[in-house]
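**Q** need a structure here:
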Amino acid sequence: MENIRLIKSNLSGFVSKKELDDVAKPIRLIHDSLQKKQCPGCEYAGWLDLPSSFSSRLLRDIEATARRVRQEADVLLVLGIGGSYLGARATIDFLKPFFSEQRSDTKPLIYFAGQNLSADYLNDLLQVIKGKKVMVNVISKSGTTTETAVTFRIVRQYLDRIYGKKKAAEKIIATTDKSQGALRRLADEQGYKSFVIPDDIGGRFSVLTPVGLLPIAAAGINIRALLKGAADFERKGSKPDIKNNPAYAYAALRHVLYTKGKNIEILSAFHPSLHYVCEWWKQLFGESEGKDHKGVWPATANFTTDLHSLGQMIQDGRRNMFETFLTVKKESSLKVPAWKDNIDNLNYLAGKEVGFINSKAYEATAKAHFSGGVPNLTIEMPARTPYHLGQLFYFFERAVAMSGLLNGVNPFNQPGVEAYKKKMFKLLGKPRT
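**A** Numbers count the residues shown, from 1 in each chain. Next up is the predicted model:
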């Protein structure tokens, strides 16, 4: 099966062979420490061999639970924030047909909540699910993350009112810590079906754990193919050299560009289904690299849409950025029709595939931005399949681990995330414990 590809054709003059050779040696040394789990943050490196060692028993349990959700629920509410929801949302949005939520045969509808503190959002959600059979997957290691915990209180109150407390408990699935935390205690007390968030995998690396896999499977997506793609790319990721490991090649290129003042990376997707994949990437790289006043700022763009809003800035703005294009090679067949009067002067496109036109828009954009002083590379996905998305997830996870370690930071912690929480708790009058 065809693999995702890293294309490096628009880097000439920005990255030299010598510069890549110079960074190749530290990459090999870091790789060795990463493989042995002796690097900073190694206690959270459980994702490294997760795809190839995934428990078959756990996989069957996830699939069985997902089948029950599809049989019993019209709606699955997935409550979580950050890594607790972005991987699942990225996968479902990428793989499900567009507008599937508008189809009468889509079951269950999957709605995400717990990722904001908007009363309007929650009120509208409660109105949408009224009269429908609802199940809930609440995802939180601690059970005390404010956005998710507040949402769960409100949703649980709704379930208790509709089903009664005993029946409501059967509608809730908790994905949480193995032995401690508020949600674990509540799950044990109430008898919720539960799954464990592994101790050695941080939230932003958790898409291939029950955190992501249960909602993905409930959406009817083949999680075995997703894991297979990741496992196949895990083998590539175990190679220490940048010539045979595309994830390390990507990390090396980013590092060289960063040392030359290119401190903003734009992940520009040329397919609308990739929007939440880009959002997942943004958290993965932002939380992993942004420490000690270091790191490449991760920005995203949806093309060709954003070429009509951000295109000017990328083409002619400050030259402190580089670009990574994310493309899908194979799209469905749809041709442009001919018009007899040719009033819009587009008959030169008649008979051409829309996907072909999109591919030429990508090629033109890459060349134009390169000529404007924005070095760029491309990650090409062969098709919208679970297998190829699994490859992409592992590619980025391996790349960001190397990228952070190259830059001298621990890519697996996120100490800065607590700063806003402490100030918010003080403003809200949270009692000291």
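
**Q** can you count the residues close to residue 365?
**A** Using other C-beta atoms under 10 Å, residue 365 has 21 neighbouring residues. Just so you know, the C-beta spots here come from the backbone N, C-alpha and C atoms, and that holds for glycine as well.

**Q** confirm it sits in a helix?
**A** Yes: under DSSP: H, G, I helix; E, B strand; the rest coil, residue 365 falls within a helix.

**Q** can you pull the buried residues of stretch 92-111?
**A** 92-96, 106-110 (16 or more other C-beta atoms under 10 Å).

**Q** from the chain's centroid, how far away is it?
**A** 18 Å (C-alpha atoms, centre = their mean, to the nearest Å).

**Q** who touches that stretch?
**A** Applying C-beta atoms under 8 Å, 6 or more residues apart in numbering, the external contacts of stretch 92-111 come out as 69-70, 73-78, 125, 128-129, 132, 135, 215-216, 218-219, 221, 272-277, 384-386, 389.

**Q** that older thread, report the two of the buried residues of stretch 92-111 separated the most.
**A** Among these, the pair separated by the greatest distance (C-beta to C-beta) is 94 and 107, at 19.8 Å.

**Q** point out the least confident one among the buried residues of stretch 92-111.
**A** The pLDDT minimum for the buried residues of stretch 92-111 sits at residue 106, where the score is 86.

**Q** now do that one against residue 296, distance only.
**A** Here residue 106 is placed at a distance of 38 Å from residue 296 (C-beta to C-beta, to the nearest Å).

**Q** ok, residue 32 next?
**A** Counting by C-beta to C-beta, the gap between residue 32 and residue 296 amounts to 24 Å.

**Q** ok, these two, which is more surrounded?
**A** Using other C-beta under 10 Å as the criterion, residue 32 and residue 296 rank with residue 296 on top: 21 against 12.

**Q** quick one, phi psi at residue 123?
**A** Per-residue torsions, residue 123: phi -60, psi -40 (degrees, to the nearest 10).

**Q** give me the neighbour count for it.
**A** Taking other C-beta under 10 Å as the neighbour definition, residue 123 ends up with a count of 11.

**Q** separation between it and residue 432?
**A** Between residue 123 and residue 432 the distance is 32 Å, computed by C-beta to C-beta.

**Q** again, but for residue 300
**A** Residue 300 is 39 Å from residue 432, by C-beta to C-beta.

**Q** looking at these two, which one has more neighbours?
**A** residue 300 (20 against 5).

**Q** what's the residue lying closest to the more buried one once chain neighbours are set aside sitting at in phi/psi?
**A** Ranked by C-beta to C-beta, 6 or more residues apart in numbering and with sequence neighbours excluded, the top spatial neighbour of residue 300 is residue 278, at 4.0 Å. Reported as degrees, to the nearest 10, the phi and psi values for residue 278 are phi -70, psi -40.
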